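Asks: Here you go, sequence then predicted model.
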Amino acid sequence: MKKYFISTLLISSTLFASNNPITFDKTYGGKEHDIAKSVIKLDDGYLIAGDTKSFHKDRDFNAYVIKIDKHGEKLWSKTYGGEDDEHINGLTKFGKDFVFVGSTKSFDMRNQSFYFANIDNNGKMNWEKTYYRNDNNYYYGNDIIADGKNLVIAGVEKHLEFFNAKINPMLFKINSDGDMVWRGYYGGKDEDRANTVINTKDGYIMAGETETYGHGDFDAFVVGLNKKGKREWFHAYGGKDNEVAHDIIETKDGYILVGSTDSFGLNYKNVYVVKIDKRGKTIWQHSYG
């Protein structure tokens, strides 16, 4: 069987500089599929989160967290979940602890549910929670951020009805015990997804992809929200084909989103970068590849 391992490559300086030496190059995992999806820097090393099939008795996926030191040596690794599949897509530091978010099929019968858990610096679980509304809904948690004493999760609700699927981007705010404070939905009549969320001075910025509001097939999609999750503005970005926003950062005068484009590249997918102002108006956009 082909093996997949978590591979972590840490560069000592900027991402694209060609003359930077490799600090270390390590693999972590077992005999099956092991995938890293999120990493955060710590004072004494790094915390990596993702999925693993290597340590589940039935070769299903478990949530997987690894702590390594500054030299890439593994300090500990833990798996989390139940009898079926669990996945981690996002990870954040929360006080002295950490909270990850993803999805699970283990705890709510037939459904795929939001799965989020709080762990300490040694990987010990403080609490774990799931969320779903009814048997026709499936949930995927894609990103998580800390906001004071609360946390905000970006994800997707997939609603099935008579063989049709409606896919909605959503934000889900929880308190320090994992209990819901509020949830909000920000999609339209077609497929729309939330891939990432960041804090701002006045609220949050959510980014992803939209079929409802785009110019072509799917467009990159950015939504500005206040602290209560109410939508303040939104914009779609792209051309006649597919665009997706995978990440976004705040700048002094706006935001920069990054993703992929089928509309503006020479062939297939290209890197897509858009600079927008504080209300989402395009300042410039470029494709690379």
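Replies: Received it, and whenever you're ready, just let me know what you need.

Asks: Let's verify the closest residue to Tyr80 other than its chain neighbours: helix, strand, or coil?
Replies: Sequence neighbours aside, Ala63 is the residue nearest to Tyr80 in space, at 4.1 Å (criterion: CB to CB, 6 or more residues apart in numbering). C-beta: built from backbone N, CA, C; applies to glycine. When classified by DSSP: H, G, I helix; E, B strand; the rest coil, Ala63 comes out as strand.

Asks: Which pLDDT does the model give Ala63?
Replies: According to the prediction, Ala63 has pLDDT 92.

Asks: I'd guessed it sits against Phe55; true?
Replies: No - using CB atoms under 8 Å, Ala63 makes no contact with Phe55, being 10.8 Å away.

Asks: Which neighbours do the two have in common?
Replies: Common neighbours of Ala63 and Phe55 (criterion: CB atoms under 8 Å, 6 or more residues apart in numbering): Thr79.

Asks: Neighbour count for these two, which is higher?
Replies: Per other CB atoms under 10 Å, whichever of Ala63 and Phe55 has more neighbours is Ala63, with 26 against 16.

Asks: how close does Gly289 get to Ile88?
Replies: 29 Å (CB to CB, to the nearest Å).

Asks: same question, Ala117
Replies: To Ile88, Ala117 is 9 Å away according to CB to CB.

Asks: any chance you could map the strands in the stretch 151-289 of the chain?
Replies: Counting by DSSP state E, counting those that start in this stretch, the stretch 151-289 of the chain has strands at residues 164-174, 180-185, 192-199, 203-210, 219-226, 231-237, 243-250, 254-261, 270-277, 282-288.

Asks: Ranking the ones you listed by mean neighbour count, which comes first?
Replies: Counting by mean count of other CB atoms under 10 Å, strand 203-210 has the highest mean neighbour count of the strands of the stretch 151-289 of the chain, with a mean of 25.

Asks: Break the chain down into its domains, please.
Replies: Domain ranges of the chain: 31-185, 195-288, per the TED database.

Asks: Out of these, which gets the lowest mean score?
Replies: Least confidently modelled of those is domain 31-185, at a mean of 89 by mean pLDDT.

Asks: ends of it, how far apart?
Replies: End-to-end distance for domain 31-185, by CA to CA, to the nearest Å: 40 Å.

Asks: how many other residues sit next to Tyr186?
Replies: Burial of Tyr186 is recorded as 20 neighbouring residues (other CB under 10 Å).

Asks: doesn't Met170 make contact with it?
Replies: Yes - assessed by CB under 8 Å, Tyr186 is found in contact with Met170 at 6.9 Å.

Asks: joint contacts of these two?
Replies: Residues touching both Tyr186 and Met170 (CB under 8 Å, 6+ apart): Ala194.

Asks: quick revisit: look up how far Lys240 lies from the residue nearest to Tyr80.
Replies: For Ala63 relative to Lys240 (CB to CB), the value is 39 Å.

Asks: if we can go back for a sec, for the residue nearest to Tyr80, what are its contacts?
Replies: Ala63 neighbours (CB under 8 Å, 6+ apart): Ala49, Asp51, Thr79, Tyr80, Gly81, Glu86, His87, Ile88, Phe100, Gly102, Tyr115, Ala117.

Asks: which strand residues sit across from the closest residue to the third one other than its chain neighbours in the sheet?
Replies: The one in question is Thr79. With CB to CB, 6+ apart as the criterion, Thr79 has its nearest non-adjacent residue at 4.1 Å, and that residue is Asn62. Residues in a beta bridge with Asn62, per DSSP bridges, are Thr52.

Asks: picking up where we left off before, mind listing which of the contacts of Ala63 are in strands?
Replies: Ala49, Asp51, Thr79, Tyr80, Glu86, His87, Ile88, Phe100, Gly102, Tyr115, Ala117 (DSSP state E).

Asks: just curious, which of these is nearest to Thr200?
Replies: Nearest to Thr200 among these: Phe100, at 22.8 Å, using CB to CB.

Asks: which residues touch that closest one?
Replies: Ser38, Ala49, Ala63, Val65, Ile88, Gly90, Leu91, Thr92, Phe116, Ala117, Ile119, Ile144.
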